[in-house]
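Asker: What shape does this take:
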Amino acid sequence: MKKTGFTIIELVISIFIITVAVVGVYSAFSLAVILSSDAANRLTAAYLVQEGQEIVRNIRDTNWLEGEDWLEWLGSCSGGCEVDYSSVTTYGWGTSGRKLKVNDDGFYVYDGSFPETKFKRKITVTELNNNPTFAVLVKVEVSWDEKSNLLYLKQSAGECNTKYNCVEAEATLYDWYPSPTLPPTPPPAP
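Answerer: Below you'll find the predicted structure:
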């Protein structure tokens, strides 16, 4: 008489194979969610870095158009500062900086009772070649709170670590029309 059916060994092996497959699919899905979230954070941070550079350019242009010193705000940003489109003044970075908020129009601002985001932006302006009347280096860092996961350890916004939770960029900003008291720039050699 021939018996049909599963033995206990066959049943244990099939359960093991199914378990390994389910855990593999779950791990792949978890990793995809983490990488997707990281990409979204980096994209938002890259936008905020670009916005920070544009804000500094806007301050330079506005000061020039109003006949003011184009670097009037340099002192408050040499150690890092906060500035957004809605304010005309810069705020010193301090020890921790503030997190950006999203207003009703979708703009990132510091003031108001809007929902707080996980992002912090630090703008640092440095004199180049000890001649701030000609050019400055503008460095913008955006960092965000990162929870511990399979890829990263917990990181707090304000702790700029480009490997985990920070995007940064530098740009050189020039004076459009240098002061007439400066010596003229010599022409390039032929």
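
Asker: What ranges does this structure have for its strands?
Answerer: Using DSSP state E, the strands of the chain run over residues 81-82, 91-92, 101-102, 108-109, 119-127, 135-144, 166-174.

Asker: Of all those, which one is nearest residue 28?
Answerer: The closest of the strands of the chain to residue 28 is strand 135-144. By Cβ to Cβ, the value is 25.0 Å. For every residue, glycine as well, the C-beta is placed using N, CA and C.

Asker: Can you check what pLDDT the model gives residue 141?
Answerer: With respect to pLDDT, residue 141 scores 91.

Asker: Ok, residue 12 next?
Answerer: Residue 12 carries a pLDDT value of 87.

Asker: tell me the contacts of it?
Answerer: By Cβ atoms under 8 Å, 6 or more residues apart in numbering, the contact list for residue 12 is empty.

Asker: So the nearest residue to residue 78 once chain neighbours are set aside versus residue 10, what's the distance?
Answerer: Leaving aside its chain neighbours, residue 78 sits nearest to residue 125 (6.1 Å; criterion: Cβ to Cβ, 6 or more residues apart in numbering). As judged by Cβ to Cβ, to the nearest Å, residue 125 and residue 10 stand 72 Å apart.

Asker: repeat for residue 77
Answerer: Per Cβ to Cβ, residue 77 is found 71 Å from residue 10.

Asker: Over to residue 82?
Answerer: Residue 82 is 66 Å from residue 10, by Cβ to Cβ.

Asker: Those two: which is more packed in?
Answerer: More crowded of residue 82 and residue 10, by other Cβ atoms under 10 Å: residue 82, with 22 against 10.

Asker: Is it correct that that one is in contact with residue 111?
Answerer: No: Residue 82 is beyond contact range of residue 111, at 10.1 Å (criterion: Cβ atoms under 8 Å).

Asker: low-confidence ranges in this structure?
Answerer: Applying pLDDT under 70 to the chain flags the ranges 1-6, 34-35, 70, 72-75, 88-90, 94-96, 130-133, 148-159, 161-163, 176-190.

Asker: show me what contacts residue 56?
Answerer: So residue 56 contacts 77, 83, 123, 125, 138, 140, 173 (Cβ under 8 Å, 6+ apart).

Asker: just residue 173 next, same as before
Answerer: 56-57, 60, 125, 135-138.

Asker: Buried only: go through those residues for me.
Answerer: By neighbour count, with 16 or more other Cβ atoms under 10 Å, the contacts of residue 173 hold 56, 60, 125, 136, 138 as buried.

Asker: what ranges do the helices span in this structure?
Answerer: 8-65, 74-77 (DSSP state H).

Asker: What's opposite the residue nearest the centre of the chain in the beta bridge?
Answerer: For the chain, the residue sitting closest to the mean C-alpha position, by Cα atoms, centre = their mean, is residue 142 at 2.5 Å. As for beta bridges, residue 142 partners with residue 121, residue 167 under DSSP bridges.
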